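1. A predicted structure for the sequence below; I have some questions about it.
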Amino acid sequence: MAPAERHRFQGIFLDGRSSRPTPVLCAVGRSEVVVYDEEHRVLVRADLVDCVFTAPLANSRRFLKFPGGQRLQVDAPQVAAFLDGRIRSHGGLRLVHRLESKRRLVAVSLVGLLVFVWAFMAYGIPALAKHLAMATPMALMEQISADSLELLDQRFFAESELDPARQQEIATIFADLSRDLPVHSSRLLFRKGGTIGANAFALPSGTIVVTDELVELARSNMELQGVLAHELIHVRERHGLRHVIQQTGVFMLISTLLGDMTSLTSLGSTLPMVLIESGYSRKFEQEADLLAGRYFLERGQSLAPYAELLRRLTKDDKLPAAASFLASHPNPQQRLQALAELEQSYGQ
């Protein structure tokens, strides 16, 4: 017996056992659908509430799915409209269809997605990197630092040629700073910079490496004191580890945040190359300058010596050493201006 018919139409039927399509005649009522073959024999009868009607996605074909696994291709728009009002479909796919059919909503969604991606890159990744860096065990940071120093010694550094008395003099300055700006197991090392030139590097474990060329370029211990304080701030705030984690991308962040801390061991070979080639981010340099500057100003010391070293490096760009230092410590003019504004604010 046919249902109280609302629609009668021809369609293509798939029985779920073979891929061969069968032309059929269909009758759809308020609550029931019946599929007949060409000899008017019933192939399937089902209540509409037990069926699923696929959502309209772009130009894809739509199918009425029966409980037994059979499918009926529905091409007639009026039948599809009727079934949409009577049969459930996948809610998520229907939402996709609504988005596809409303251009303004699609445009707003696209803008929203772009804003989310930008916000995640600008704020989410740095926040996750900071969380990860601060949670990194000291033993792991020591391993990363040891691997980094080994790579630097192999590829760039040579044994320091500084007079031992001069090394001891600078080490005393460093020890005084370390008491006021404490970091775990702080240590000062000297190396011949070679192609790196005048530079200083802060490794995650607290090891600070200063090149002979930077010592020779400085005209006073006060200038070196500014550099050492700046590097100690990098260690304390874990700038190096945070920066290289951000540079290595999302996949390392996800794996380490999920508990795979061993993936950080690969940073031993990555950290020195990132710092040499791209330096710290502008934010980290500004933060290190700001905190080091406050340290000196709170003790009644001027920022002029440190600023003078930066200024001299900026002007003397013909020296390879100067170029090397500026390459890994970028934005000298902005940093000079920020230091001047900081000192002026303390003088008011």
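-> Sure, I can see it.

2. Quick check, pLDDT for Gly91.
-> Here, the pLDDT recorded for Gly91 equals 45.

3. Show me where the stretch 101-250 of the chain has its helices.
-> Chain-ordered helices for the stretch 101-250 of the chain, with DSSP state H, counting those that start in this stretch as the definition, fall at 103-119, 125-135, 138-155, 164-180, 212-217, 221-236, 239-248, 250-257.

4. By mean pLDDT, show me the worst of these.
-> Across these, helix 250-257 has the smallest mean pLDDT, namely a mean of 55.

5. Relative to Ile87, how far out is Pro77?
-> 16 Å (Cβ to Cβ, to the nearest Å). C-beta: built from backbone N, CA, C; applies to glycine.

6. hang on, the earlier thing: how about the helices of the stretch 101-250 of the chain in TSV, adding distance to Ala46 and mean neighbour count?
-> Compiled in TSV, the helices of the stretch 101-250 of the chain are given as follows (distance: least, Cβ to Cβ, whole Å; neighbours: other Cβ atoms under 10 Å):
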stretch	distance to Ala46	mean neighbour count
helix 103-119	34	11
helix 125-135	51	17
helix 138-155	61	17
helix 164-180	80	14
helix 212-217	82	21
helix 221-236	70	23
helix 239-248	55	24
helix 250-257	45	16
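
7. what about the closest residue to Tyr36 other than its chain neighbours, which SS state?
-> Beyond its immediate neighbours in the sequence, the residue positioned closest to Tyr36 (Cβ to Cβ, 6 or more residues apart in numbering) is Leu25, lying 4.6 Å away. Leu25 carries the three-state label strand when classified by DSSP: H, G, I helix; E, B strand; the rest coil.

8. what number of residues lie near Leu25?
-> Here the count is done by other Cβ atoms under 10 Å, and Leu25 has 16 residues near it.

9. Bridge partners for it, pull those for me.
-> With DSSP bridges as the criterion, the beta-bridge partners of Leu25 are Gln10, Tyr36.

10. Is Glu38 in contact with Pro23, as I believe?
-> Yes: applying Cβ atoms under 8 Å, one finds Glu38 in contact with Pro23, separated by 6.7 Å.

11. Please report how far the spatially most central residue of the chain lies from Val117.
-> Centre of the chain computed as the mean C-alpha position; nearest residue by Cα atoms, centre = their mean is Ile125, 3.9 Å away. From Ile125 over to Val117 the distance is 11 Å, taken as Cβ to Cβ.

12. what about the strands in the stretch 201-348 of the chain?
-> 207-211 (DSSP state E, counting those that start in this stretch).

13. could you point out where it is predicted with low confidence?
-> Regions of the stretch 201-348 of the chain meeting the criterion pLDDT under 70 cover residues 248-280, 314-331, 347-348.

14. hmm, try it at 50
-> With pLDDT under 50 as the threshold, the stretch 201-348 of the chain has low-confidence stretches at 317-328.

15. Let me know the distance separating the nearest residue to Ala129 once chain neighbours are set aside from Phe190.
-> In space, and not counting its chain neighbours, Ala129 is closest to Ile245: 4.3 Å by Cβ to Cβ, 6+ apart. Computed with Cβ to Cβ, the distance linking Ile245 and Phe190 is 28 Å.

16. and the nearest residue to Glu142 once chain neighbours are set aside, what does it touch?
-> If the residues on either side of it in the chain are set aside, Glu142 comes closest to Ser205, at 4.5 Å by Cβ to Cβ, 6+ apart. Shown here is Ser205, whose contacts under the criterion Cβ atoms under 8 Å, 6 or more residues apart in numbering are 138, 141-142, 144-146, 184-185, 187.

17. More neighbours: which of Pro77 and Ile87?
-> The residue with the greater number of neighbours, taking Pro77 and Ile87 and applying other Cβ under 10 Å, is Ile87; the counts read 18 against 8.

18. wouldn't that one be in contact with Ala55 here?
-> No: Ile87 is not in contact with Ala55 according to Cβ under 8 Å; the separation is 10.9 Å.

19. Let me know the distance separating Ala179 from Val210.
-> Not Ala; residue 179 is Arg. Counting by Cβ to Cβ, the gap between Arg179 and Val210 amounts to 18 Å.

20. same question, Phe190
-> Counting by Cβ to Cβ, the gap between Phe190 and Val210 amounts to 6 Å.

21. do Tyr306 as well
-> Distance check for Tyr306 against Val210: by Cβ to Cβ, it reads 14 Å.

22. How about Leu291?
-> Noted for Leu291: a distance of 19 Å to Val210, by Cβ to Cβ.
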